[in-house]
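Trainee: compute the structure for the input listed below.
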Amino acid sequence: MFSVIFPGQGSQLVGMGKELFEKYDIVKNLFKEADEVLGLNLSKIILEGPKEELDLTINTQPAIFLISYSIFKLAKEEFNKDLGKAKFFAGHSLGEYSALSCAGYLNFSETIKILRVRGDAMQNSVPRGEGGMIAILGSKIDVIEKILGDNQNKFNVEIANDNSEGQIVVSGKTNDLENLTEILKENSIKNLKLPVSAPFHSKLMSKATNIMKKEIDKLNFQDGNNILISNVTAKEIENKANLKKLLIKQIESRVRWRESVIYMISKGIKQFVEIGPGKVLSSLVKRIDRQTEINTINDENDIKNLKI
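Mentor: Coordinates of the predicted model:
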């Protein structure tokens, strides 16, 4: 029994998908459709860069989705890999949109459009430089929750991503993060400032939530083919109405990735197939449960060698 998982922001790389784009019409056509739908040469940004432009959240989000969706379609339609028999589909942050589109809940063009809006809304929710994110390494979630709780009168920092045992990401205003860093240093807890321009998955994203609520309410979700796991609840999404609510809530909520993986394993999942650029989620899953089989699908050989 397996799950298909999709990466989020941070997995992007200039030139991702280039070999598949040059070799397969199905990929080329999806790139062309993306450019037409967005009125933007996203293909050029992905294939040629510059990196600074690809790394802009407004471009990164539709770009990663395009690569994930292209690989998924190619694996299914050209290589007859039956990814549709997966028990669960899940994604990390923007990867949740890749999951719901590949599972048939929302078509390709609507998904890539909403991700462009999402990227813009999240980027502009807080003035550049006023907020950010820090990765905390080698510490348990309850230790960090206690530090944040004990110091809430000094600063307001939230856990944005519970990625795996020993990898937690927090969001907040720049000054608050600096104050937290001092306390982490005093406690000999390793931390790393992330190269992002906004405090994603925190209450500071409220402006983005308001924008996304209006846009998500307009979407017409279909009955999907697979069960989705929500970042917000780390459990199954029960129906389409709930899906809308959870996607809106996701902007300000913690990404409960560690709990999501543990939940899927508890339901009998023995194999995870990561579809998209990089292998961030594969590494996280391995840290959560070393017994699990993991396949990372980036290129043609990965697709050919996939056994499910």
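Trainee: what's the end-to-end length of stretch 292-308?
Mentor: In stretch 292-308, first residue to last residue: 13 Å (C-alpha to C-alpha, to the nearest Å).
Trainee: buried ones in it?
Mentor: Going by neighbour count (16 or more other C-beta atoms under 10 Å), the buried part of stretch 292-308 is 292, 294-298, 300, 302-303, 306. For glycine as for every other residue, the C-beta is placed from the backbone atoms N, C-alpha and C.
Trainee: for the record, mean pLDDT for that stretch?
Mentor: Mean pLDDT, stretch 292-308: 97.
Trainee: contacts for that stretch, please.
Mentor: Stretch 292-308 has contacts (C-beta atoms under 8 Å, 6 or more residues apart in numbering) with 2, 16, 19-20, 23, 71, 74-75, 79, 81-83, 85-86, 265, 269-279, 282, 285-286.
Trainee: just the residues you listed: which are in helices?
Mentor: Cross-referencing these against helices under DSSP state H gives 19-20, 23, 71, 74-75, 265, 282, 285-286.
Trainee: in those residues, find the pair that's most separated.
Mentor: 23 and 265 (35.3 Å; C-beta to C-beta).
Trainee: more neighbours: the two, which one.
Mentor: Neighbour count, other C-beta atoms under 10 Å: between residue 23 and residue 265, residue 265 has more, with 17 against 13.
Trainee: chain neighbours aside, what residue packs nearest to that one?
Mentor: residue 289 (5.7 Å; C-beta to C-beta, 6 or more residues apart in numbering).
Trainee: which residues touch that neighbour?
Mentor: Under the criterion of C-beta under 8 Å, 6+ apart, the neighbours of residue 289 are 261-262, 265.
Trainee: need phi/psi at it.
Mentor: phi -150, psi 110 (degrees, to the nearest 10).
Trainee: so residue 262 is in which element?
Mentor: Per DSSP states H and E: residue 262 is located in helix 257-266.
Trainee: just residue 247 next, same as before
Mentor: Per DSSP H and E: residue 247 is located in helix 240-250.
Trainee: ok, back up a step: want to throw the contacts of residue 289 into CSV with distance to residue 143 and pLDDT?
Mentor: CSV is the format used below for the contacts of residue 289 (distance: C-beta to C-beta, whole Å; pLDDT from 0 to 100):
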residue, distance to residue 143, pLDDT
261, 20, 98
262, 18, 98
265, 23, 98
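Trainee: name the residues that touch stretch 21-37?
Mentor: With C-beta under 8 Å, 6+ apart as the criterion, stretch 21-37 contacts 17, 20, 41-43, 46-47, 62, 66, 69-70, 73-74, 77-78, 108-109, 112-113, 300.
Trainee: now with 7 Å, please.
Mentor: For stretch 21-37, contacts defined as C-beta atoms under 7 Å, 6 or more residues apart in numbering pick out 17, 20, 41-43, 47, 62, 66, 69-70, 73-74, 77-78, 108-109, 112-113.
Trainee: quick one: average pLDDT of that stretch?
Mentor: For stretch 21-37, the mean pLDDT works out to 98.
Trainee: could you give me the buried positions within that stretch?
Mentor: Buried residues in stretch 21-37 (16+ other C-beta under 10 Å): 21, 24, 27, 30-31, 34-35, 37.
Trainee: what's the answer for stretch 42-58, then?
Mentor: Within stretch 42-58, the residues that count as buried by 16+ other C-beta under 10 Å are 42-43, 45-47, 53-55, 57-58.
Trainee: turn the residues you listed into a markdown table, columns for secondary structure.
Mentor: Compiled in a markdown table, those are given as follows (DSSP: H, G, I helix; E, B strand; the rest coil):
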| residue | secondary structure |
| --- | --- |
| 42 | helix |
| 43 | helix |
| 45 | helix |
| 46 | helix |
| 47 | helix |
| 53 | helix |
| 54 | helix |
| 55 | coil |
| 57 | helix |
| 58 | helix |
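Trainee: possible to save the residues you listed as JSON lines with distance to residue 166 and pLDDT?
Mentor: Shown next, in JSON lines, are those (distance: C-beta to C-beta, whole Å; pLDDT from 0 to 100):
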{"residue": "42", "distance to residue 166": "35", "pLDDT": "98"}
{"residue": "43", "distance to residue 166": "38", "pLDDT": "98"}
{"residue": "45", "distance to residue 166": "34", "pLDDT": "98"}
{"residue": "46", "distance to residue 166": "32", "pLDDT": "98"}
{"residue": "47", "distance to residue 166": "35", "pLDDT": "98"}
{"residue": "53", "distance to residue 166": "33", "pLDDT": "95"}
{"residue": "54", "distance to residue 166": "29", "pLDDT": "95"}
{"residue": "55", "distance to residue 166": "26", "pLDDT": "91"}
{"residue": "57", "distance to residue 166": "26", "pLDDT": "91"}
{"residue": "58", "distance to residue 166": "31", "pLDDT": "94"}
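Trainee: with that, I have no additional questions.
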